[in-house]
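In: how would this look folded up:
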Amino acid sequence: MDGELASWLSSLHASAGDFVDALAAFGRTMLLPSRLQQIALALVLAALAWLAARPLGARMEDWMRGLEGRPKWQLRAFIILRRRLPLILFVGMIWLAAGLFAALYSFPSRRYVLVLVATIASAWLAIRLAAQLIRNRLLRNVVVWGLSLWATLYYLGLLDETSDALDAIAVTFGDFRLSALAVIKALALTAALFMAARTLTIASSRRIRTVRDISPSVQELLVKLLRIGLYGAAFFIGLKAVGFDLTGLAVLSGAIGVGLGFGLQKVVSNLVSGVIILLDKSVKPGDVISLGDTFGWIEELGARYVSVVTRDGKEYLIPNEDLITGQVVNWSHTNNFVRLDIFFGTAYGDDPHLVRKVAVEAAKSVDRVLSHRPPVCHITGFGDSSVDYILRFWITDPTGGLTNIRGNVYLALWDAFKAHGISIPFPQREVRVLNDSLAIDTGGAPGSDAVPDRPSGADFDPSQVSGPTSSKGLGKGAP
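Out: Numbering: from 1, shown residues only. Next up is the predicted model:
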């Protein structure tokens, strides 16, 4: 009897267990969220991530303000994370939801939508973070949106269908067929090659400019040749990779070249002149030049122009042809020594030997004037009211300006002459009126400058004349 009861109870327990398992399986099957519900959940999580990113972003900005003094790459990394904070939060939330559904339900197909959305969102985040290495904003946006679209189609399984649809949109030129898919591939490949060429050009340029055995002009020439070669190779490799026939392009480029030769003579002339300037080393970056009224130092040698920066901050873009055909004063062509001349005069009563000595000592007292190339002072002539001198001195930093150093030397001369009692005269003029007809013509009107009647010839006494008879500007050193 006890055995039958135990057997019955055991059978009942097994049946109850089977019933509970069946009921649980039914509940999981019927209560599992549908794909539409998962999409709705993903949208809700995206909205929550966007809302949560606003206060978190504000707090993160406050925290970043206290990071002054950190390396620039760290600050840039924090700024990038701040900008991508909504997407980062959404990726974290969607993966957490997918993990919870995986723990609750054992049907992978029922949580497929959440996993798919999480995967695509993670791909978008990785693309946007990696694209920050591209400095050009337009190119970065093109890369971000292009790769994001490709990743979305790839994970949705629509890449082949999209490729077939784009390949069907095509035009035919004889034996050559050009489709939309080929154009997109060419643009993508060419953009990637241009990015690689730009990276190699920047790295190589920095390396070339560190080689001290190569002159600056040859460095610029090597950099430009490298840039043209890499970008040209990227362009033609991109065309060849999509099956474009370069033979026809060669004929077309020849015809275009003839047309450009006639229509763009100045442009071609400037390009050739730029190459000549780099080869003959007539000017180079850092040289101080004068071209007409423009005085400054060369900032950059371009393919078409030379950038010259003046002392007042203006940047002149001078065509290369002007430097080849015109007269250019290169103050630092072979060396940085520049001689400057200033002119002055002193009174005839001053000792010229003392004047020369004082002028030389005054020039030496100025900081930028070289002492190992001492200044000299010479008499250049005897003027109407002064003895004329020239003071010559040397400097080695013309980029520091020429007008300011002349002004400093003039101030030093002024102080030195004042200390030694040396005067600087100014031109003297004496006006005498000797003709009585002026008084008759003016009629001697009251308040006028008419000369009164006076004796003429030997009887004329200047003391009797008032008004216009004057001697003005008489000072020390007057003749």
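
In: show me the shaky parts of this structure.
Out: Applying pLDDT under 70 to the chain picks out residues 1-34, 66-70, 73, 103-112, 173-176, 213-215, 217, 241-264, 428, 436-479.

In: number of nearby residues for Ala42?
Out: Residues lying near Ala42 (other CB atoms under 10 Å) number 21. From N, CA and C alone the C-beta is placed, and that goes for glycine too.

In: my error: substitute Met60 in the last question.
Out: 15.

In: check the secondary structure at Arg368 for me.
Out: Using DSSP: H, G, I helix; E, B strand; the rest coil, the structure places Arg368 in coil.

In: residue contacts, it?
Out: Arg368 makes contacts with Ile395, Asp397, Gly400, Ile405, Asn408, as judged by CB atoms under 8 Å, 6 or more residues apart in numbering.

In: just the buried members of those residues?
Out: Ile395, Ile405, Asn408 (16 or more other CB atoms under 10 Å).

In: among those, which are in helices?
Out: Ile405, Asn408 (DSSP state H).

In: so which of the buried ones among the contacts of Arg368 comes closest to Leu226?
Out: Minimum distance to Leu226 across these is 36.9 Å, recorded for Ile395 (CB to CB).

In: the chain: strands as residue ranges?
Out: With DSSP state E, the ranges of strands along the chain come out as 170-173, 176-179, 288-291, 294-301, 305-310, 315-319, 329-330, 338-346, 376-382, 387-395, 429-431, 470-472.

In: any chance you could list what contacts the fifth one?
Out: This points to strand 305-310. With contact meaning CB under 8 Å, 6+ apart, strand 305-310 is reached by 270, 277, 283, 289, 291, 294-301, 315-320, 323.

In: could you flag which of the residues you listed are buried?
Out: Buried members of those, scored by 16+ other CB under 10 Å, are 270, 277, 283, 289, 291, 295-298, 301, 316, 318-320, 323.

In: what's the separation between Leu75 and Arg82?
Out: Between Leu75 and Arg82 the computed distance is 11 Å (CB to CB, to the nearest Å).

In: look at these two and report which has more neighbours.
Out: Remark: of Leu75 and Arg82, Arg82 carries more neighbours, 17 against 14, as counted by other CB under 10 Å.

In: list the residues that are in contact with both of Leu75 and Arg82.
Out: Common neighbours of Leu75 and Arg82 (CB under 8 Å, 6+ apart) are Met64.

In: quick one: which two of the contacts of Arg368 are the most distant?
Out: Going by CB to CB, the pair spanning the contacts of Arg368 furthest: Asp397 and Asn408, at 13.0 Å.

In: what is the nearest of the contacts of Arg368 to Asp350?
Out: The closest of the contacts of Arg368 to Asp350 turns out to be Asn408 (CB to CB; 22.8 Å).

In: hmm, that closest one is touching Ala363, no?
Out: No: assessed by CB atoms under 8 Å, Asn408 is found out of contact with Ala363, at 9.5 Å.

In: spit out the residues that contact the two alike.
Out: Counting by CB under 8 Å, 6+ apart, Asn408 and Ala363 have no common neighbour.

In: please enumerate the helices of the stretch 151-300 of the chain.
Out: 159-168, 180-209, 216-241, 246-263, 265-280 (DSSP state H, counting those that start in this stretch).

In: which neighbouring elements make contact with the longest one?
Out: In terms of contacts (3 or more CB pairs under 8 Å, 6 or more residues apart in numbering; DSSP states H and E), helix 180-209 is packed against helix 137-156, helix 159-168, helix 216-241.

In: try the first one
Out: For helix 159-168, the helices and strands in contact under the criterion 3+ CB pairs under 8 Å, 6+ apart are helix 137-156, strand 176-179, helix 180-209.

In: including mean neighbour count and distance to Ala359, could the ones you listed go into a markdown table?
Out: Formatted as a markdown table, the helices and strands packed on helix 159-168 follow (neighbours: other CB atoms under 10 Å; distance: least, CB to CB, whole Å):
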| stretch | mean neighbour count | distance to Ala359 |
| --- | --- | --- |
| helix 137-156 | 14 | 59 |
| strand 176-179 | 14 | 80 |
| helix 180-209 | 15 | 44 |
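
In: can you put the ones you listed in JSON lines and add distance to Lys418?
Out: As requested, the helices and strands packed on helix 159-168 are exported to JSON lines (distance: least, CB to CB, whole Å):
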{"stretch": "helix 137-156", "distance to Lys418": "61"}
{"stretch": "strand 176-179", "distance to Lys418": "85"}
{"stretch": "helix 180-209", "distance to Lys418": "50"}
